[in-house]
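> could you work out the structure for the sequence below:
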Amino acid sequence: MGRCVASSLIRRSGTPGPCARVLTAALLIFGGLAGGCSYKRDESAVLLAERGRFGLARERVAASATDDPESRNFILDQMKLVAMGLAEGVPDIVEPTADRLYDRLRTQGLNDDNRFAQVMLTEGAVKIYKGDPFEQALAYYNIALLDGVKGDWGNMRAASQQSLFLLRDFSKSLQERGGAATSRADSSGGGGGSSRGAGSTPAEESSEQVALVRAAARAEQEGKSGDALGIDYTPIASDFEIGYILKAIAARQLGEREDMQEAVATLKQIAPRLNTVADLIATGSYNTVFVVDFGMAPEKYGTGPDNAIAARAAVTPSDDSALAITVSPGASSGGSPAPQASTWPVVTDVNRIATSTRWANLEDVRVAKSNIGSVLLAGGLITAVAADDDNHTQQMVGVILAGVGALMKATSSADTRHNELFPQRTYIALADLAPGFSRVELSVPGSTLVFPQLPVAQTGGTTLHYVRMPTRAEPWAIAEQLRYSNDVSGDPYVLGGGSADAMMVIPYILGGRDVRTPSLDVLRSCQNAGFLRGLSLDDLQQLYRDEGIEVAGTMSSIDATGLHVLDGGTWLYTPLPGSTGFKRLFYGEHEPYRPRSKRVKELHEQIADELGARRRVQEQAPSARVEGGGATWNEQGADRGVVSEVFHGSR
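Model prediction:
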């Protein structure tokens with residue numbers, strides 16, 4: 001159409017005059033903008049998250065994340081980084097990021113500047129994305145969890161309270177205007193929806209959202225204004241169930257009984273199906289809290305005229321599948337009482353709240369400018385084409401109107417940015433674990449995660465574990481045998497009663513399976529097994545420096561920590577026990593380390609030769625036991641240097 005109009009002007013004037021050139025440029029701009037960039041989901045990061053590889057997903061997000069607080073994507077990037085760091089079990093690493101996110105979410109007026117450009121021209125491209133309301137609630141939920149796993153109950157209560165902001169209930173106005181009173185997604189059963197690939201339509205997925213947008217458009221045509229959509233609404237309490245649960249747990253830990261009782265009472269009111277869970281929280285007869293997330297958040301996309309309406313499509317379908325948890329004593333706890341099994345219902349279904357009008361991100365401005373843009377575009381083109389050949393003023397006015405209309409239409413598309421790495425559903429499970437270690441198995445249909453040796457909180461304490469379940473079956477998720485030594489599991493030599501698998505005490509960078517922070521204990525374990533007897537602690541630490549391997553938080557900023565060495569990175573850290581990251585890193589199988597420095601390559605080869613010789617001796621005399629040499633570690637010079645000096649000095 002644009003080429004036909006421009007050609008008409010050119011033919012009538014004989015040569016492409018200034019007006020024709022301006023109009024052609026305007027239409028070309030419109031064509032470019034209309035097919036412009038929409039948000040691209042990071043499907044690679046989604047796949048990593050589905051497989052439980054949250055550390056790699058965090059690294060992928062960090063590679064392109066902005067550190068400019070004024071950037072339009074700053075908050076979205078921070079949401080993703082916190083979600084993946086929390087799922088990996090490294091709260092200390094992402095805590096600075098969470099603090100920045102918390103401050104920005106609570107900042108008012110982020111998008112007040114350049115209001116004309118935002119509202120009338122390029123709103124979707126200019127404004128800082130704070131997330132849809134439910135995404136903001138989930139961000140506060142993640143921050144509350146981060147505080148909870150660290151035992152910071154005061155900040156956990158504060159963050160969970162922030163997630164419980166008032167919502168808008170439009171049901172009465174929608175009934176009056178012919179819309180549905182309540183949607184399938186708003187039903188008490190948890191709602192849901194199928195993925196877009198199953199052939200569902202936007203009207204089926206977000207019927208209330210579409211009804212709300214249509215009602216707002218009619219209200220605007222009727223000349224009604226207002227602080228929302230031009231239609232009436234009632235402020236109501238949030239129905240973000242997990243927010244009330246975390247607030248109640250934190251308040252109880254703080255001894256704030258009135259605050260706890262208020263949260264429990266509201267939870268019962270908005271979600272009667274969780275009455276049993278609410279009562280258990282109130283009694284306090286537990287010492288361990290499991291918060292379990294599963295699935296991937298729904299996708300956001302544009303639909304309707306000029307793609308002005310934002311719709312959500314389920315990626316992980318909703319269902320009522322319960323979380324099954326089985327607890328039994330760990331191998332080192334002694335005794336063999338029968339395992340205790342229980343099931344727990346879905347607490348919060350993100351598919352439900354994402355498509356609920358109560359949680360809608362108001363789209364009145366986009367609908368208005370789309371309609372206005374259509375009128376201006378049509379009117380401008382008619383004015384330009386109908387103008388006399390010599391009436392350049394009228395032609396120019398038409399061109400300007402057409403250009404403005406085209407620009408407005410091109411930028412009227414819904415902002416489809418969203419956090420594709422948020423979960424689809426959340427569970428809560430409470431347990432009273434015996435002292436020592438427990439074997440804990442968590443299961444939902446299609447995914448099982450086993451923690452063979454989960455440490456239990458000290459007497460009188462309460463521990464919160466956050467677990468993000470992989471959505472696919474992974475061998476490491478159900479593995480029972482620890483495969484890599486780490487800073488939490490302890491000294492393999494001591495645990496083995498004076499003997500140990502040599503691979504578990506040889507540093508990973510030298511061909512073994514020990515990824516503990518280089519220290520005197522690590523050196524002693526290795527030397528007790530008969531290796532590295534000629535090295536001091538300084539020598540051991542220098543090997544890590546030579547390889548460019550760092551310990552999280554030792555020198556550089558803690559939030560600069562990258563990939564773990566087991567994932568092919570250059571960092572050492574130990575995720576929280578009871579986290580998915582801990583289980584995946586230390587119970588899974590990883591590629592052998594490939595040395596880079598000359599000295600490490602030499603030691604790597606020497607140890608490989610020694611291990612080969614030991615295997616040959618064992619094969620020749622299967623009954624012979626090859627000892628590591630007892631406590632013959634090199635005391636002379638072994639205490640030189642301290643762990644904090646691993647990264648001091650030049651490399």
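> what about the helices in the stretch 301-450 of the chain?
For the stretch 301-450 of the chain, applying DSSP state H, counting those that start in this stretch gives helices covering 350-354, 364-386, 392-410.
> any idea which of those scores lowest on pLDDT?
Of all the helices of the stretch 301-450 of the chain, the minimum mean pLDDT falls on helix 364-386 (a mean of 47).
> tell me the SS of residue 562?
coil (DSSP: H, G, I helix; E, B strand; the rest coil).
> list the residues that contact it.
Neighbouring residues of residue 562 by CB atoms under 8 Å, 6 or more residues apart in numbering: 59, 62, 569, 570, 571. No exception for glycine: its C-beta is placed from N, CA and C like everyone else's.
> mind doing that once more with 10 Å?
By CB atoms under 10 Å, 6 or more residues apart in numbering, the residues touching residue 562 are 55, 58-59, 62-63, 93, 550, 552, 556, 569-571, 573.
> equivalent analysis for residue 589, please.
475, 476, 479, 483, 484, 566.
> can I have the buried ones of those residues as a ChimeraX selection?
Buried members of the contacts of residue 589, defined by 16 or more other CB atoms under 10 Å, are picked up in ChimeraX with:
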select :476,479,483,484,566
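> just the contacts of residue 589: which are in strands?
Members of the contacts of residue 589 lying in strands (criterion: DSSP state E): none.
> quick one: residue 453 is in a strand?
Yes - checked against three-state DSSP, residue 453 lies within a strand.
> quick one, strands of the stretch 1-150 of the chain?
Remark: no strands are assigned in the stretch 1-150 of the chain by DSSP state E, counting those that start in this stretch.
> now swap in the stretch 151-300 of the chain and tell me
167-169, 234-236, 288-294, 299-303.
> how far away is residue 98 from residue 156?
Distance, residue 98 to residue 156, by CB to CB, to the nearest Å: 12 Å.
> find residues that contact each of the two.
Common neighbours of residue 98 and residue 156 (CB under 10 Å, 6+ apart) are 143, 144, 145, 146, 147.
> got a list of what the third one touches?
Neighbouring residues of residue 145 by CB under 10 Å, 6+ apart: 82-83, 86-87, 91, 98, 156, 159-160, 242, 246, 291, 293, 426, 464-466.
> thinking again about what came up before, for residue 356, find the nearest of the strands of the stretch 151-300 of the chain.
strand 167-169 (8.4 Å; CB to CB).
> after the helix or strand containing residue 583, which helix or strand is next?
With secondary structure defined by DSSP states H and E, residue 583 is part of helix 580-587. Toward the C-terminus, helix 580-587 is succeeded by helix 598-620 as the next helix or strand (DSSP H and E).
> and that following helix, what other elements does it pack with?
helix 537-547 (3 or more CB pairs under 10 Å, 6 or more residues apart in numbering; DSSP states H and E).
> by how many degrees do the helix it packs on and helix 598-620 diverge?
Angle, helix 537-547 to helix 598-620, by axes from the mean of the first three to the mean of the last three CA atoms, to 10 degrees: 110 degrees.
> now helix 537-547: average pLDDT?
96.
> alpha carbons only: can I get it in CSV?
Provided in CSV are the C-alpha atoms of helix 537-547 (Å, rounded to 0.1, in the frame of the first residue of the first chain):
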residue,chain,number,x,y,z
LEU,A,537,50.3,-25.3,51.0
ASP,A,538,51.9,-22.4,49.1
ASP,A,539,52.8,-24.8,46.3
LEU,A,540,49.3,-26.1,46.1
GLN,A,541,47.7,-22.7,46.0
GLN,A,542,50.1,-21.6,43.3
LEU,A,543,48.8,-24.5,41.1
TYR,A,544,45.3,-23.0,41.3
ARG,A,545,46.7,-19.5,40.6
ASP,A,546,48.6,-20.9,37.6
GLU,A,547,45.3,-22.3,36.2
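> now, of the shared contacts of residue 98 and residue 156, which are buried?
Among the shared contacts of residue 98 and residue 156, those that count as buried by neighbour count (16+ other CB under 10 Å) are 143, 144, 145, 146, 147.
> of the residues you listed, which is the nearest to residue 315?
residue 145 (21.5 Å).
> quick check, pLDDT for the closest one.
98.
> kindly report the same for residue 57.
Reading off the model, residue 57 has pLDDT 97.
> what sits closest to it if chain neighbours are left out?
Take residue 57 and drop its neighbours on the chain: the residue closest to it by CB to CB, 6 or more residues apart in numbering is residue 48, 4.0 Å away.
> and the pLDDT for the one you found?
The predicted local confidence for residue 48 is 97.
> what do you get for the one 4 residues further on?
pLDDT, the model's per-residue confidence, is 97 for residue 52.
> ok, it touching residue 477?
Yes - if you go by CB atoms under 10 Å, residue 52 and residue 477 touch, sitting 6.8 Å apart.
> mutual contacts of the two, please.
Counting by CB under 10 Å, 6+ apart, the residues touching both residue 52 and residue 477 are 447, 449, 469, 470, 580, 583, 584, 588.
> between those residues, which sits nearest residue 617?
The closest of the shared contacts of residue 52 and residue 477, once distances to residue 617 are taken by CB to CB, is residue 588, at 30.6 Å.
> got the contact list for the closest one?
52, 53, 474, 475, 476, 477, 479, 483, 484, 566.
> will you turn those into CSV that also has distance to residue 438?
CSV is the format used below for the contacts of residue 588 (distance: CB to CB, whole Å):
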residue, distance to residue 438
52, 21
53, 26
474, 22
475, 22
476, 19
477, 17
479, 17
483, 20
484, 21
566, 25
